[in-house]
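Trainee: coords below, sequence missing:
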């Protein structure tokens, strides 16, 4: 189509020797070539590469943005970990302190209890001893009374049958016995 | 080179190549008048640009690989050096046009140093002219659309904040330079650079060919060596110029578009 037009246009054309005068057929070929290249390259291909370049810019910027986000996240994470670690350390220290206090308290309590127990035992022992002594003393008293009356009866030959008299004698004897030599008896 | 040697003067003297020989090329297929070498190369360049851009950008990957890397580098160059400085936030909207312009002109130019092909397409003014004309139409259209038909001319010819008499001088100059000279220079700058570059390369390569192969003589040989060395050096230089002109062409286009989108003054 264009070539036919060019031929038609070229037909009356002479090869002019003036280089500033364009050949008509060259004008036609030139505009044809330019139009075709412009249509294919300028209209079809350049938009594609522009789209790709925009995608590339997006990808690079997106990558940078993603990297920044990841870095920020990592920093936040690190901060959180550090905080947690710090808190854990504080907790551990606190627990240790508490444990130490509790141990001291327990020790003190135990000691207190042991002392109380010891005191109680000692007191119980004292009471027991006192009771035993009282019992022994009481028993001894009656025993001594009986023995001495028996002895005295045998020596004197006198029956000391009368209970009242008998015990009065014993008591008096014992009182006499106790008064000068109380310390010795006890 | 065959054409050059055939067209060389019949005498035993060295004749510098004329523009006529270098640029007025016969049709490749006799009888098909329009199908000349520049036309073929212009179409080949278009196919090449489409091919390489298709290979790179048809299924672009977020992580570029292979040819996408290379062409993306070109895209980045156009975006950062051409579009953004002149269009700012509008840059992305115009990247299609600017990449097309840059790659197209670059490949057209580089055809001048590709072995065997060796003809910069842009050295035929028709090719820069159609590009410059397209940009010119776009520039005026955008200017009227964004600044209003009257506003466009007002902003162009009567920038505010100058003493009144200055406008007498300034307005015609601005009008001329913006609407008449600018598109012309836009096209001619590229064309003339490629034209002159091709002449230079052809001249030195013909010197080398003539004095070392066609008429080898003890006195001529050093001149031939100079011709070959200069051809090599100038080929490198030409590649730089070809790149620079493609860059400049796209940059001016971006500048014109940017100027139309927003009043410059």
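Mentor: That came through, no problem. Keep in mind that what you see is a predicted model, and the values were worked out from it rather than measured. Numbering: from 1, shown residues only, chains lettered A, B, ... in the order given.
Trainee: which of the residues in stretch B:20-36 are buried?
Mentor: By 16 or more other Cβ atoms under 10 Å in any protein chain shown, the buried positions in stretch B:20-36 come out as B:21, B:22, B:23, B:24, B:25, B:33, B:34, B:35, B:36. Where C-beta positions appear, they are placed from N, C-alpha and C, glycine not excepted.
Trainee: the closest residue to chain A within the stretch 151-265 of chain B: helix or strand, and which one exactly?
Mentor: Here the residue of the stretch 151-265 of chain B nearest chain A is residue B:195; by Cβ to the nearest Cβ that distance is 6.2 Å. If you go by DSSP states H and E, residue B:195 is part of helix B:182-209.
Trainee: name the next helix or strand downstream of that helix, please.
Mentor: helix B:220-261.
Trainee: so that next one, near chain A or not?
Mentor: No: figure legend: helix B:220-261 not in contact with chain A (Cβ under 8 Å from any Cβ of the partner chain); closest approach 11.9 Å.
Trainee: tell me what that helix is packed against?
Mentor: helix B:84-87, helix B:91-110, helix B:126-147, helix B:182-209 (3 or more Cβ pairs under 8 Å, 6 or more residues apart in numbering or on different chains; DSSP states H and E).
Trainee: for the helix or strand following the third one, buried residues please.
Mentor: It refers to helix B:126-147. Under the assignment DSSP H and E, the closest C-terminal helix or strand after helix B:126-147 is helix B:149-157. Under the neighbour-count criterion of 16+ other Cβ under 10 Å, helix B:149-157 has B:152, B:153, B:155, B:156, B:157 buried.
Trainee: what's next to helix B:149-157, contact-wise?
Mentor: Identification of contacts with helix B:149-157 by Cβ atoms under 8 Å, 6 or more residues apart in numbering or on different chains yields B:140, B:143-144, B:146-147, B:167, B:170-171, B:174-175, B:178-179, B:260, B:263-265.
Trainee: and those, which of them are buried?
Mentor: Among the contacts of helix B:149-157, those scoring as buried are B:140, B:143, B:147, B:171, B:174, B:178, B:179, B:260, B:263 (criterion: 16+ other Cβ under 10 Å).
Trainee: correct me, but the first one touches residue B:180?
Mentor: No: counting by Cβ atoms under 8 Å, residue B:140 sits too far from residue B:180 to count as a contact (11.7 Å).
Trainee: listing request: residues of the chain with sub-threshold pLDDT.
Mentor: All of this refers to chain A. A:1-17, A:156-162, A:180-186 (pLDDT under 70).
Trainee: oops, I was thinking of chain B
Mentor: Along chain B, the parts satisfying pLDDT under 70 run over B:1-12, B:264-265.
Trainee: go again with 50.
Mentor: The model of chain B has pLDDT under 50 over residues B:1-6, B:8, B:265.
Trainee: from the centroid of it, which residue is nearest?
Mentor: Centroid-nearest residue in chain B, with Cα atoms, centre = their mean: residue B:190, separated by 4.2 Å.
Trainee: mind listing what that residue touches?
Mentor: With Cβ under 8 Å, 6+ apart, residue B:190 has these contacts: B:105, B:109, B:122, B:128, B:132, B:245, B:248, B:249.
Trainee: for whichever strand or helix holds residue A:120, packing partners?
Mentor: Using DSSP H and E, residue A:120 sits in helix A:46-156. Where contact means 3+ Cβ pairs under 8 Å, 6+ apart, helix A:46-156 is packed against helix A:163-185, helix B:37-57, helix B:67-77, helix B:91-110.
Trainee: understood, closing this out.
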